[in-house]
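Chemist: Quick one, structure for this:
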Amino acid sequence: MKHSLTDNDRIFLESRVAEVEKQTGIQIVLATTKRSDSYIEIPWKAFSLGVSVSGLPVFFIGLFLPLWVTNTTILLSITGMLAPGILLALSTTVFRSVARLFLSKHRKETETLQYARSLFLSRELFATKERKAILLLISEFERQVVILPDTGIREMFNPEAMDKLMAGMIEPLKNKSIRRAFEAGLIELQQSFSQQGANGSITNELTNKIIAEDSL
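Modeler: Numbers count the residues shown, from 1 in each chain. Next up, the predicted model:
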């Protein structure tokens, strides 16, 4: 499955990462994933809703327009209830916009945060000398941004600074522009650490290549 960033986008963003790192002295890692979890419950939620909604008219038809019970009427009733559920469930596997309707805010926030933490550990982003790494993760299906600073720079991120960084990235992500979302994040990091007097460094301890995973 092809990711939304083009080769030109990657080249541009990787050069920007190197530039911001030299100016701020922090190690920046950009990462994208198609989705942070498989969300196997989504098709079942859609199926249940479809069956429940379609079952109401079938019930009232049987209640107010009683017909002779035959194999045909039973088959039509069952089909009339199951078909909408099956179609709605299938649509969640084809159309991401439909699938997102059955994903709660808490669920997607929890899964993207868990995924980001797992990525931070598996890629050993904590292994910098002064623990000054920061991960900017975009999860495409959830349209979520997760920002994980390491312990060496965590104190520099007060709630206001974190909210500003997050908001700057989410806005272009709503327009399905991953490149612009990362650009906004890099600009905000550059301005934030410059204002706080962070010392620049030319030492590059982590790769500048964007991590792109087709997970789950």
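
Chemist: Could you pull up the residues touching the residue most central in space within the chain?
Modeler: Per C-alpha atoms, centre = their mean, the C-alpha nearest to the average position across the chain is that of residue 139, at 2.5 Å. Neighbouring residues of residue 139 by C-beta atoms under 8 Å, 6 or more residues apart in numbering: 32, 33, 34, 35, 36, 108, 112, 115, 145, 146. Every residue, glycine included, has its C-beta placed from N, CA and C.

Chemist: can you pick the most crowded of the residues you listed?
Modeler: residue 36 (27 neighbours; other C-beta atoms under 10 Å).

Chemist: so how far is residue 48 from the closest residue to that residue other than its chain neighbours?
Modeler: Distances taken as C-beta to C-beta, 6 or more residues apart in numbering put residue 115 closest to residue 36, at 3.7 Å, once the chain neighbours are dropped. With distances taken as C-beta to C-beta, to the nearest Å, residue 115 is found 26 Å from residue 48.

Chemist: Can you name the next helix or strand after the worst-scoring helix or strand of the chain on mean pLDDT?
Modeler: Within the chain, judged by mean pLDDT, DSSP states H and E, the helix or strand with the poorest mean is helix 41-64; its value is a mean of 80. The C-terminal neighbour of helix 41-64 among helices and strands, as given by DSSP states H and E, is helix 71-94.

Chemist: Which segments of the protein make up each domain?
Modeler: As assigned by automatic domain parsing, the chain contains the domains 7-37+104-213, 41-100.
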